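Asks: Next input, structure requested:
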Amino acid sequence: MRVLDYLPEEVIEADLKAETKMGVLRELVQLLVNNNQVRNADKALEVLLEREKLGSTGIGDGVAIPHAKFSDIKTLVAAFGRSRKGINFESLDNKPAHLFFLFLAPENSAPLHLKILARISRLLKKTTFREALMQAKSGRDIYQAIADEEKDVIG
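Replies: As a prediction, the model looks like this:
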């Protein structure tokens, strides 16, 4: 399983316009709606916000991985966004988040949900990878950086 199996280039936003946590979630969910991966944006936002109430998915080092289970989908869907300015995501280190991997998993898909979460977390532990994502010039470059990193990690 690769992250890019669930993250097509069309759902990568290199320059998020949002300036708030809610704005980031809304913008990334809208990417999924625009690419026919999610039909009901309000419901998707609702489950993501419910998950955030349990504890922020801002894991520190400029990274947030908002995620939730969502009954309206049949397969896992993901989106990526980058904010050069950074956004207060109530991260564990109290620093702004810049890189956002959002994913929604179908109900009753705990193994897949945990697997993708672990994979994304593992990729983002590397400082050089986070820097490559920050320095990428376009969504295409971000996609390629993820592909290159997955190749290094998975083979």
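
Asks: mind checking which helix or strand Leu102 is in?
Replies: Applying DSSP states H and E as the criterion places Leu102 in strand 97-105.

Asks: That strand - contacts with which helices or strands?
Replies: Secondary-structure packing of strand 97-105 (3 or more C-beta pairs under 8 Å, 6 or more residues apart in numbering; DSSP states H and E): helix 21-34, helix 41-54, strand 63-64, strand 67-69, strand 77-87, helix 110-124, helix 127-135. Bear in mind the C-beta positions are built from the backbone N, C-alpha and C, glycine included.

Asks: got these as JSON lines, with mean neighbour count columns?
Replies: As requested, the helices and strands packed on strand 97-105 are exported to JSON lines (neighbours: other C-beta atoms under 10 Å):
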{"stretch": "helix 21-34", "mean neighbour count": "19"}
{"stretch": "helix 41-54", "mean neighbour count": "15"}
{"stretch": "strand 63-64", "mean neighbour count": "26"}
{"stretch": "strand 67-69", "mean neighbour count": "20"}
{"stretch": "strand 77-87", "mean neighbour count": "21"}
{"stretch": "helix 110-124", "mean neighbour count": "16"}
{"stretch": "helix 127-135", "mean neighbour count": "15"}
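
Asks: can you redo the ones you listed as JSON lines with mean pLDDT and distance to Asp148?
Replies: Shown next, in JSON lines, are the helices and strands packed on strand 97-105 (pLDDT from 0 to 100; distance: least, C-beta to C-beta, whole Å):
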{"stretch": "helix 21-34", "mean pLDDT": "97", "distance to Asp148": "22"}
{"stretch": "helix 41-54", "mean pLDDT": "97", "distance to Asp148": "29"}
{"stretch": "strand 63-64", "mean pLDDT": "97", "distance to Asp148": "18"}
{"stretch": "strand 67-69", "mean pLDDT": "95", "distance to Asp148": "23"}
{"stretch": "strand 77-87", "mean pLDDT": "97", "distance to Asp148": "15"}
{"stretch": "helix 110-124", "mean pLDDT": "89", "distance to Asp148": "11"}
{"stretch": "helix 127-135", "mean pLDDT": "97", "distance to Asp148": "8"}
